[in-house]
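Novice: Turn this into a structure:
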Amino acid sequence: MKSRSVSRLLYAHKMDMGGMPIRQPLPTQNVEQIDPFLLLHHANIKAPSHVEPDHAGVGPHPHRGFSPVTFIFQGGVHHRDSRGNDSVIYAGGAQWMNAGMGIIHSERPPHDIHEIGGRQEIIQLWINTPAKNKMDQPAYYPLSAEEAPKVTSPDGLVTGKVFSGEVLNVKGPIPSQAVVNAATYELKKGGTISIPIPTSHNAFIYLLDGQLKVDGFGLVDALHIVHFKNDGEGISFTAVEDTRILFLTGEPLNEEVVSYGPFVMNNQTQIMEAMRDYQMGKMGVLIEH
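Specialist: Here you go, the predicted model:
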């Protein structure tokens, strides 16, 4: 397998998102998207002890035209939305939402967040939706750590969970409108793995912590996206220390992206329509109990 070379490293700079400290390696000033992936936020925060979990986190807000996906690494997330979905997913799982024509959701800490350590570590990923599917009915797919199909490296030092698409011949159960492969990996020090990637796909990994040695490139530290060129059949890397990563590949949509806040469409008119539809209540109502 010919390994892909590294196009660039993107550092996850600190940002303030409405009072919540997060890190954002994508987008950056230089990279608007790694088509079809639009945005990646990594948060590692202590749930406030002076606020009820029901009032902490992110309150109701709308989305249209893409899939906001939350991967949970510590703690849990309580998702509720205007379509009546209501579920808590804990560490190791994911919440995948195709926003479609429009949906309102909230993401709060679970009621028992303080009993399970009080810390929430999550990645929120925005995956663009093909133009032809942007006005589909919304859909929500929760997947717990127990339900996620597992992959293990030959040396047994790398374990992964596949959420969508297919990685190392293991299929993820979540349907995605954009063609993507999404998995998380935990590498013990010294663990090595090679992962084939469809040649047409864009691909990157994000290191939540630790350090990797990427074949043909060298050392990569925590809190970086490694964005690969489309010049090989896969990627290989070795853990220099214990490392957790998010692995993503996707078929590029090659479509115009016009975004405004929580809406991602193909032109300015569609953005104005999204704002109007939201204000008119067409994305539903979320009343949290």
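Novice: And the residue nearest to the spatial centre of the chain, how close does it get to Pro53?
Specialist: For the chain, the residue nearest the mean C-alpha position is Leu125 (2.9 Å; C-alpha atoms, centre = their mean). Here the criterion is C-beta to C-beta, to the nearest Å. By it, Leu125 lies 23 Å from Pro53. No exception for glycine: its C-beta is placed from N, CA and C like everyone else's.
Novice: quick check, distance from the worst-scoring helix or strand of the chain on mean pLDDT to the centre of its chain.
Specialist: Lowest by mean pLDDT, DSSP states H and E among the helices and strands of the chain is strand 58-63, with a mean of 90. Centre-to-centre, strand 58-63 and its host chain are 17 Å apart (C-alpha atoms, centre = their mean, to the nearest Å).
Novice: just stretch 255-275 next, same as before
Specialist: Worked out by C-alpha atoms, centre = their mean, stretch 255-275 lies 20 Å from the chain centre.
Novice: List of residues touching that stretch?
Specialist: Applying C-beta atoms under 8 Å, 6 or more residues apart in numbering, the contact partners of stretch 255-275 are 32-33, 38, 61-66, 102, 126, 128-131, 134.
Novice: Now, the residues you listed that are in strands?
Specialist: Applying DSSP state E to the contacts of stretch 255-275, the entries found in strands are 38, 61-63, 66, 126, 128.
Novice: Using TSV, lay out these together with distance to Lys188 and neighbour count.
Specialist: Listed next are these as TSV, based on distance: C-beta to C-beta, whole Å; neighbours: other C-beta atoms under 10 Å:
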residue	distance to Lys188	neighbour count
Leu38	32	20
His61	38	16
Pro62	41	22
His63	37	25
Phe66	34	29
Trp126	30	24
Asn128	34	26
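Novice: Which of those sits closest to Val88?
Specialist: Nearest to Val88 out of the ones in strands among the contacts of stretch 255-275 is His61 (C-beta to C-beta; 18.8 Å).
Novice: neighbours of the residue nearest to the closest one when sequence neighbours are not counted, just the number please.
Specialist: Leaving aside its chain neighbours, His61 sits nearest to Pro262 (5.8 Å; criterion: C-beta to C-beta, 6 or more residues apart in numbering). If you count neighbours by other C-beta atoms under 10 Å, Pro262 ends up with 21.
Novice: any idea how far Pro262 is from Thr269?
Specialist: Pro262 is 17 Å from Thr269, by C-beta to C-beta.
Novice: Return the closest of the contacts of stretch 255-275 with respect to Ile72.
Specialist: Scanning these for proximity to Ile72, where the rule is C-beta to C-beta, the winner is Trp126, at 16.3 Å.
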